[in-house]
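> Sequence first, then the predicted structure, then my questions.
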Amino acid sequence: MPRTTLVNANALPDERWDDPARGTIRFRTLISAPATETAGLVCGLAIMSEGDSFALHSHPEAEVYFGLEGEGEVLVDGVPQRLAPGVALFIPGGAVHGVPRASAPLRWFYTFAADRFDDIRYRFVHEAKDRT
């Protein structure tokens with residue numbers, strides 16, 4: 001049975017995608033089995049510097065972004081959505097979304113209803129086009 005888990009985001013290293021075409025965004029996975037003794041929830045911090053990108057992608061799971069620092073636009077199914085401190089953005093499962101270019105530093109909390117980050121099946125738009 002999962003137990004109470006405490007994670008200090010400041011003690012975690014930044015992670016990045018292996019393929020820079022997926023974006024230059026950095027992230028810190030806070031809650032995700034098996035690194036944490038948790039189930040049913042994955043969450044973390046997304047960190048972008050000015051000029052960073054997060055390529056357009058989708059995944060079957062719905063996701064929530066909650067703005068922590070900075071202000072920027074998240075493109076969701078072609079519609080720009082403003083993300084800023086205190087703003088929650090619900091992204092439906094299957095929606096194509098990303099941040100093509102951060103115009104200023106931006107940080108947000110993200111979460112999925114899943115057991116492990118590795119369970120999230122990202123489908124990047126540019127990779128799908130490469131296969132056709």
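Great, that's in hand. Note that this is a predicted model, so its numbers are computed, not measured. Numbering: from 1, shown residues only.
> Which secondary structure element is home to the closest residue in space to Leu83 that isn't next to it in sequence?
Nearest residue to Leu83, sequence neighbours excluded (C-beta to C-beta, 6 or more residues apart in numbering): Gly67, at 4.6 Å. In this view, the C-beta of every residue, glycine as well, is placed from N, C-alpha and C. If you go by DSSP states H and E, Gly67 is part of strand 63-69.
> Mind listing the strands that strand pairs with, and their directions?
strand 88-91 (antiparallel), strand 106-112 (antiparallel) (DSSP bridges).
> Quick one: work out the angle between the next helix or strand after that strand and strand 106-112.
Downstream of strand 63-69, the first helix or strand assigned by DSSP H and E is strand 72-76. Interaxial angle, strand 72-76 versus strand 106-112 (axes from the mean of the first three to the mean of the last three C-alpha atoms, to 10 degrees): 40 degrees.
> tell me which residues in strand 72-76 are buried?
Within strand 72-76, the residues that count as buried by 16 or more other C-beta atoms under 10 Å are Gly72, Glu73, Val74, Leu75, Val76.
> Can you tell me how far the last one is from Thr38?
Which is Val76. 27 Å (C-beta to C-beta, to the nearest Å).
> Quick one: list the elements packing against the lowest-mean-pLDDT helix or strand in the chain.
Across the helices and strands of the chain, mean confidence by mean pLDDT, DSSP states H and E is lowest for helix 125-130: a mean of 82. Applying 3 or more C-beta pairs under 8 Å, 6 or more residues apart in numbering; DSSP states H and E, one finds that helix 125-130 makes contact with strand 54-58.
> Output the strands paired with strand 63-69 as CSV; include the columns mean neighbour count and distance to Glu127.
Formatted as CSV, these follow (neighbours: other C-beta atoms under 10 Å; distance: least, C-beta to C-beta, whole Å):
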stretch, mean neighbour count, distance to Glu127
strand 88-91, 15, 19
strand 106-112, 20, 20
